[in-house]
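A.B. asks: Just a sequence and a predicted model for now, questions to come.
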Amino acid sequence: MIRVAVDAMGGDNAPVEMVAGAVEAVKKKPEIQVLLVGQEKTVQEELSKYTYDKEKIQVVNASEVIATEEPPVNAIRKKKDSSIVVGMNLVKNGQADAFVSAGSSGAILVGGQVIVGRIKGVERPPLAPLIPTEKGVSLLIDCGANVDARASHLVQFARMGSIYMEHVVGIPNPRVAIVNIGAEEEKGNALVKETFPLLKECKDINFIGSIEAREIPHGGADVIVCEAFTGNVILKLYEGVGATLIHMVKQGMMATLRSKIGALLVKPALKTTLKSFDASQYGGAPLLGLKGLVVKTHGNSSRTEVCNSIIQCVTFKEQQINEKIRQSLAEEKAQGPIS
């Protein structure tokens, strides 16, 4: 049984979508048990709307809620009975295998490092979401945790991202690229220029060089490495363009009688194509490099994304990703620093 703690109070649509997503997850995957963390009365009222196996969902009371606008460090320190702090302590104490939240990104990042703790040797845990591409999916690492990253951080991101893509997504020898403004090695800012030769020397990853932003949707690399400022801009633009394009396609198909008839003919194929580019089906972004699994989902997550984020924890646990990251870091240390 995989036990997943879910922040029932975090996100724009809590607790409605969080509870609904938890119910969907336990119905789809009988090996999952969900611990819904939040204000017990509120969560129980929402749960009462559904029929489910009562043994598969448990409510863990947490009287406080951390708001998005609160300073993360103070919130984690002062609100000990918040859903985020209580949920992370469940992971820390071995009462849950993972924690999923759509709440405050800052509080999740701080709590992940302070409460759950980093794997020894991990300099900075990155957020790593899967993003849809023409060829399937790619891992964008980092998309929001480390705005001021160093070259050594990006090298670790590449290693951890490779492990994730190989063992969770099932891509052997995943292609790793660093985000740049051109394909040439001499291009880029100071961080990219410093990181590029270090990645070239890594024998344990399949580094293919630079990747320009326009090549990302085509699936130009399996692991896309960057610091969090760049990664977050890529992710938000990706989501915005995708949503706008879908809206405009639907609007265009409903414009005239002829386009409506055409829409009926292409609807099955179009629906399949648009679904493959829906990021919500891939779940949330794991905070890699922690001693336990913490997954951050979008603040406006629907029940589908919450459900998929919970289910994604099963593969992470079964494939022992944390153990593989520990092993990779140990091997790196044994080889000595990259010169």
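C.D. replies: Looks like it arrived, so ask away. Numbers count the residues shown, from 1 in each chain.
A.B. asks: all contacts plus neighbour counts: C-alpha atoms, from now on.
C.D. replies: OK.
A.B. asks: State the phi and psi torsions of the residue nearest to the spatial centre of the chain.
C.D. replies: For the chain, the residue sitting closest to the mean C-alpha position, by Cα atoms, centre = their mean, is residue 285 at 0.6 Å. Residue 285 adopts backbone torsions of phi -100, psi 120, taken as degrees, to the nearest 10.
A.B. asks: pLDDT averaged over stretch 326-333 - what is it?
C.D. replies: Computed over stretch 326-333, the mean pLDDT rounds to 79.
A.B. asks: Next, the buried residues of it.
C.D. replies: 326, 328, 329, 332 (16 or more other Cα atoms under 10 Å).
A.B. asks: taking those residues one by one, which sit in helices?
C.D. replies: Under the assignment DSSP state H, the buried residues of stretch 326-333 contribute 326, 328, 329, 332 to helices.
A.B. asks: could these be laid out in CSV, adding distance to residue 115?
C.D. replies: Conversion of these to CSV gives the following (distance: Cα to Cα, whole Å):
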residue, distance to residue 115
326, 18
328, 23
329, 21
332, 26
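A.B. asks: and of those residues, the nearest to residue 84?
C.D. replies: The closest of those to residue 84 turns out to be residue 326 (Cα to Cα; 25.3 Å).
A.B. asks: show me what contacts the spatially closest residue to the closest one that is not a sequence neighbour?
C.D. replies: The shortest distance from residue 326 to any non-neighbouring residue, by Cα to Cα, 6 or more residues apart in numbering, is to residue 119 (6.8 Å). By Cα atoms under 8 Å, 6 or more residues apart in numbering, the residues touching residue 119 are 289, 290, 291, 322, 326.
A.B. asks: hang on, the residue nearest to the centre of the chain packs against residue 293?
C.D. replies: No - using Cα atoms under 8 Å, residue 285 is not in contact with residue 293, being 10.5 Å away.
A.B. asks: residues near residue 201, how many?
C.D. replies: The number of residues packed near residue 201 is 12, by other Cα atoms under 10 Å.
A.B. asks: swap in residue 213?
C.D. replies: When counting by other Cα under 10 Å, one arrives at 16 neighbours for residue 213.
A.B. asks: now it: how far from residue 182?
C.D. replies: Distance, residue 213 to residue 182, by Cα to Cα, to the nearest Å: 9 Å.
A.B. asks: which residues do these two both contact?
C.D. replies: With Cα under 8 Å, 6+ apart, residue 213 and residue 182 have no common neighbours.
A.B. asks: quick check: longest helix of this structure.
C.D. replies: Per DSSP H, the chain has its longest helix at helix 228-253.
A.B. asks: tell me what that one is packed against?
C.D. replies: In terms of contacts (3 or more Cα pairs under 8 Å, 6 or more residues apart in numbering; DSSP states H and E), helix 228-253 is packed against strand 136-141, helix 257-276.
A.B. asks: Just want the angle from it to helix 257-276.
C.D. replies: Angle, helix 228-253 to helix 257-276, by axes from the mean of the first three to the mean of the last three Cα atoms, to 10 degrees: 150 degrees.
A.B. asks: Show me which positions of helix 228-253 end up buried.
C.D. replies: Those would be 228, 229, 230, 231, 232, 234, 235, 238, 239, 242, 253, for helix 228-253 by 16+ other Cα under 10 Å.
A.B. asks: Stretch 289-302 too?
C.D. replies: 289-299, 301-302.
A.B. asks: What are the boundaries of the strands in the stretch 51-200 of the chain?
C.D. replies: For the stretch 51-200 of the chain, the strands defined by DSSP state E, counting those that start in this stretch cover 57-61, 98-101, 130-133, 136-141, 175-179.
A.B. asks: Columns mean pLDDT and mean neighbour count on top of the ones you listed, output as a markdown table?
C.D. replies: Putting these into a markdown table (pLDDT from 0 to 100; neighbours: other Cα atoms under 10 Å) gives the following:
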| stretch | mean pLDDT | mean neighbour count |
| --- | --- | --- |
| strand 57-61 | 97 | 19 |
| strand 98-101 | 96 | 30 |
| strand 130-133 | 91 | 23 |
| strand 136-141 | 94 | 25 |
| strand 175-179 | 98 | 24 |
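A.B. asks: Identify whichever of those strands lies nearest to residue 310.
C.D. replies: Closest to residue 310 of the strands of the stretch 51-200 of the chain is strand 98-101 (Cα to Cα; 6.8 Å).
A.B. asks: For that closest one, name the packing helices and strands.
C.D. replies: strand 2-7, helix 83-92, strand 293-296, helix 303-318.
A.B. asks: Send me that strand as CSV with only the CA atoms.
C.D. replies: Once non-C-alpha atoms are left out, strand 98-101 reads as follows in CSV (Å, rounded to 0.1, in the frame of the first residue of the first chain):
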residue,chain,number,x,y,z
ALA,A,98,4.5,11.2,-0.4
PHE,A,99,2.9,14.6,0.1
VAL,A,100,0.9,16.4,-2.7
SER,A,101,-0.1,20.0,-2.5
